[in-house]
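Asker: Sequence plus the predicted model coming up.
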Amino acid sequence: MFDATGVDEDAPAIVIEGSSSGARIRVQVAASSVDAFSQEPGTFFTVGLRHLGGLTFLNPNNSSDTSLRDRAIVAIAIQGDITGNVDAAQVYRVDALRDSNDTFGGRILGNITAHQANESVLANPEPPSSLRVPFRSISYLRAGHSVSGTITALSPGFTQGDSATYADIGRIVVGPAESATGITGDILAEKGRIFSIFSTGDIGTDTDEVKIWAADGIDEIRIAVETTGTDPNPTLEQDLFVNVKSGIAPSYTPILENNTNEFPQQEDGSLRLLRTGGDLNGELRLTNLATASGGTPHSGILVKGDINAPITIDYVMNYCDIVGRAITEPIVIGRQLKGSIVAYGTPSTADPDAGTIQSIEIGLNEPLGSTIFGAGAPVIPPYTEEGNNYLAGFVGIVGFPVSMDTAITDEARWLRTNGGDGGTIDSVIRAEQRIGTLRIAATTQLHPTPAPFKCSRPRVESSRIDTLDIGSMEVGVVWSGQVDFDNGADIVANNYASIGVLEVQCVGTGADLWFMECPNAHIDDNMNGELHLPELLDGQIVKIGKELGAGDTCGLNSSASLCFFQGPTFEESPRWLRAAANEEVNSSRGRIFILQPLGLQGQIIINADTNQSTIYWTFDGWPI
């Protein structure tokens with residue numbers, strides 16, 4: 001169907017009547033000179049009309065007969081608006097382009113619904129294409145200005161775990177003009193996967209959140225001009241108001257890495273990337289926030305503005321980062337974090353919360369499998385023996401901490417496009433101003449067990465932490481995060497984090513705590529690492545439940561044999577083992593350092609639970 005005289009004519013709602021006993025039907029609204037079904041879904045070609053009132057299929061003699069609709073695949077290219085619904089078995093492509101002067105058109109106002117699963121109409125499409133194999137329920141949708149209708153991919157025969165029954169959405173694009181209104185309609189693949197969403201305008205409004213829901217995960221949601229090559233386009237400063245659910249019904253698809261080893265499905269049902277230059281508002285519920293290891297781009301939730309949305313990750317955050325100017329709502333990770341969570345901003349009158357993380361919980365609230373993966377699933381998903389050994393807590397990575405060179409802007413430092421260890425660039429929880437509450441089951445180098453160690457230890461960095469609660473602190477460091485030097489020497493006085501409440505189950509030989517102003521610091525079990533304080537004032541207490549310097553008695557792997565990245569010799573900060581201070585990981589650790597002369601005025605209580613017959617202790621500092 002097309003306008004033979006050009007693209008000045010409109011078409012009202014088109015209804016194709018009849019029924020089908022098996023033969024499929026292709027419907028193309030485009031210029032007669034092109035065959036939309038033989039080209040890549042995103043290829044531009046000559047449009048056929050200006051405005052279109054919709055496209056549906058109907059049996060006039062039996063309204064319940066959907067046989068014709070369920071065998072129809074459609075391709076539409078217009079330069080105007082789609083004002084009514086498009087209803088078909090599959091949607092190969094829909095283009096509603098804006099005019100070249102950016103004055104009219106480019107709006108999808110009606111609902112776009114596909115009623116059949118991937119590849120149910122065209123079993124072997126030609127030519128092969130990354131967007132066409134398998135043939136998606138909805139392969140491609142592009143609007144030059146806005147999408148306000150609901151986009152839905154359905155599968156009547158959907159079975160969880162059977163990817164052949166899934167109904168996917170391939171790519172949604174709004175733009176490329178930055179004047180585009182954006183997306184206000186929901187995008188629903190509750191029986192499949194969403195691959196890409198690009199918008200140069202906002203997604204949602206402050207009064208109407210957009211639902212972006214997918215059964216088997218979401219690859220990317222980006223505020224940017226569509227990227228078709230390997231180099232991403234710049235992120236634009238538009239806001240998101242979204243309700244994201246990724247992994248409603250994961251497929252249990254095996255993951256192969258390096259074409260040799262089968263890894264557990266830590267990526268199953270995951271969101272890989274959400275990126276915007278504005279604020280993120282709404283709510284996110286994800287089975288995993290994850291990408292593969294290897295040379296992948298920077299992945300995760302990367303926000304130049306504030307993150308004003310609670311984020312719940314049921315299982316793991318793997319090779320990904322969460323970065324925002326401020327993180328004003330809770331983050332809950334059910335099992336494990338391998339990556340970073342960073343609030344990089346500097347407080348201002350306009351944004352007093354910049355540089356603040358409200359709360360984080362890791363490894364403490366893993367829900368039952370039936371909550372994550374549906375009825376009948378076990379408590380821990382049936383991945384592999386190694387997968388069941390993914391330790392609850394915060395794990396290190398392979399690589400060095402990010403450069404804190406002051407010549408690098410915070411945006412360039414934390415929101416870069418290239419990854420490091422997989423899609424992550426560091427292993428740090430960092431807030432430039434304050435962390436409210438931080439609760440972690442463990443800090444470790446193991447990912448998973450048994451496996452090679454991740455030798456860059458996990459770090460917590462903030463000048464102020466209201467409440468810190470860590471279970472087994474096998475390795476890692478808690479400190480202010482202030483990287484500064486005097487003629488190359490670490491300015492030790494700036495290393496201490498002000499901590500209101502400090503509770504740690506045990507401290508291993510590869511772990512350090514730098515803190516001050518804490519009324520009652522409690523180590524429940526053994527303290528085999530290092531405690532650093534500027535002073536311990538009268539009335540302040542450090543209580544160690546059992547032994548100081550007892551060696552390998554914290555967590556599964558706290559022994560001196562742990563690998564440990566030494567780091568560049570020029571940086572003598574707590575991020576590394578400080579060579580100038582002769583720091584090393586060995587069984588002789590278990591030390592307490594007091595910086596100030598006569599700085600020990602409070603109490604250090606060792607063997608506080610009085611259950612140990614042998615007391616090990618060492619005090620390195622000023623004499624009392």
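Answerer: Great, that's in hand.
Asker: What ranges does the stretch 51-200 of the chain have for its strands?
Answerer: 55-58, 72-78, 81-82, 86-88, 90-96, 107-108, 112-114, 138-143, 146-147, 151-153, 169-174, 182-183, 187-189, 194-199 (DSSP state E, counting those that start in this stretch).
Asker: Could you list the buried residues of stretch 208-220?
Answerer: By neighbour count with 16 or more other C-beta atoms under 10 Å, stretch 208-220 contains the buried residues Glu209, Val210, Lys211, Ile212, Trp213, Ala214, Ala215, Asp216, Gly217, Ile218, Asp219, Glu220. Backbone N, C-alpha and C define where each C-beta goes, glycine included.
Asker: Pick out the most distant pair among the residues you listed.
Answerer: Between any two of these, the greatest separation by C-beta to C-beta is 21.9 Å, found for Glu209 and Asp216.
Asker: my guess is Asp351 meets Asp306, correct?
Answerer: Yes: taking C-beta atoms under 8 Å as the definition, Asp351 is a contact partner of Asp306 at 6.9 Å.
Asker: shared neighbours of these two, anything?
Answerer: Residues touching both Asp351 and Asp306 (C-beta atoms under 8 Å, 6 or more residues apart in numbering) are Arg325, Ala326, Gly345.
Asker: can I get the residues you listed in CSV with neighbour count?
Answerer: Output for the shared contacts of Asp351 and Asp306, formatted as CSV (neighbours: other C-beta atoms under 10 Å):
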residue, neighbour count
Arg325, 26
Ala326, 26
Gly345, 23
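Asker: Among those residues, which lie within strands?
Answerer: In this view, those have no member that belongs to strands under DSSP state E.
Asker: Just send the strands of the stretch 51-200 of the chain back as a markdown table, with mean neighbour count, mean pLDDT and distance to Leu271 too.
Answerer: Shown next, in a markdown table, are these (neighbours: other C-beta atoms under 10 Å; pLDDT from 0 to 100; distance: least, C-beta to C-beta, whole Å):
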| stretch | mean neighbour count | mean pLDDT | distance to Leu271 |
| --- | --- | --- | --- |
| strand 55-58 | 22 | 95 | 32 |
| strand 72-78 | 25 | 93 | 29 |
| strand 81-82 | 27 | 96 | 28 |
| strand 86-88 | 26 | 97 | 27 |
| strand 90-96 | 28 | 94 | 23 |
| strand 107-108 | 26 | 98 | 24 |
| strand 112-114 | 27 | 98 | 22 |
| strand 138-143 | 28 | 96 | 19 |
| strand 146-147 | 28 | 98 | 20 |
| strand 151-153 | 27 | 98 | 17 |
| strand 169-174 | 26 | 96 | 14 |
| strand 182-183 | 26 | 98 | 17 |
| strand 187-189 | 27 | 97 | 13 |
| strand 194-199 | 24 | 96 | 9 |
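Asker: Would you convert those into TSV that also reports distance to Gly18?
Answerer: Shown next, in TSV, are the strands of the stretch 51-200 of the chain (distance: least, C-beta to C-beta, whole Å):
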stretch	distance to Gly18
strand 55-58	8
strand 72-78	10
strand 81-82	23
strand 86-88	14
strand 90-96	18
strand 107-108	26
strand 112-114	19
strand 138-143	23
strand 146-147	30
strand 151-153	24
strand 169-174	27
strand 182-183	34
strand 187-189	28
strand 194-199	32
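Asker: Figure out which of these is closest to Pro401.
Answerer: Per C-beta to C-beta, nearest to Pro401 of those: strand 194-199, 31.4 Å.
Asker: just checking, what packs against the helix or strand following the closest one?
Answerer: Following strand 194-199 in sequence order, the next helix or strand is strand 202-203 (DSSP states H and E). Helices and strands touching strand 202-203, by 3 or more C-beta pairs under 8 Å, 6 or more residues apart in numbering; DSSP states H and E, are strand 182-183, strand 240-246.
Asker: Packing partners of whichever helix or strand comes after strand 202-203?
Answerer: With elements assigned by DSSP H and E, the helix or strand that comes after strand 202-203 is strand 210-214. In this structure, strand 210-214 packs against strand 187-189, strand 194-199, strand 240-246, with contacts taken as 3+ C-beta pairs under 8 Å, 6+ apart.
Asker: Show me what counts as buried in the strand or helix carrying Glu503.
Answerer: Assigned by DSSP H and E, Glu503 belongs to strand 497-516. Within strand 497-516, the residues that count as buried by 16+ other C-beta under 10 Å are 497, 499, 502, 504-516.
Asker: how about the nearest residue to Glu411, chain neighbours excluded?
Answerer: Among residues not flanking Glu411 along the chain, Lys304 sits closest, at 6.3 Å (C-beta to C-beta, 6 or more residues apart in numbering).
Asker: Was I right to think that neighbour contacts Leu280?
Answerer: No: between Lys304 and Leu280 there is no contact under C-beta under 8 Å: 9.7 Å.
Asker: For the two, list the residues in contact with both.
Answerer: By C-beta under 8 Å, 6+ apart, the residues touching both Lys304 and Leu280 are Gly324.
Asker: which of these two has more neighbours?
Answerer: A side-by-side neighbour count of Lys304 and Leu280, using other C-beta atoms under 10 Å, places Leu280 first with 30 against 23.
Asker: Enumerate every residue touching the more buried one.
Answerer: Leu280 makes contact with Asp239, Leu240, Val242, Leu274, Ile301, Val303, Gly305, Asp306, Ile307, Asn308, Ala309, Gly324, according to C-beta under 8 Å, 6+ apart.
Asker: Beta-bridge partners for the last one, please?
Answerer: The bridge-partner assignment for Gly324, based on DSSP bridges, gives Ala343.
Asker: Next: the second one.
Answerer: In this structure, Leu240 has the following beta-bridge partners (DSSP bridges): Ile203, Leu280.
Asker: tell me the pLDDT at it?
Answerer: The model reports Leu240 with a pLDDT of 98.
Asker: roughly how far apart are it and Ile183?
Answerer: Going from Leu240 to Ile183 by C-beta to C-beta, to the nearest Å gives 9 Å.
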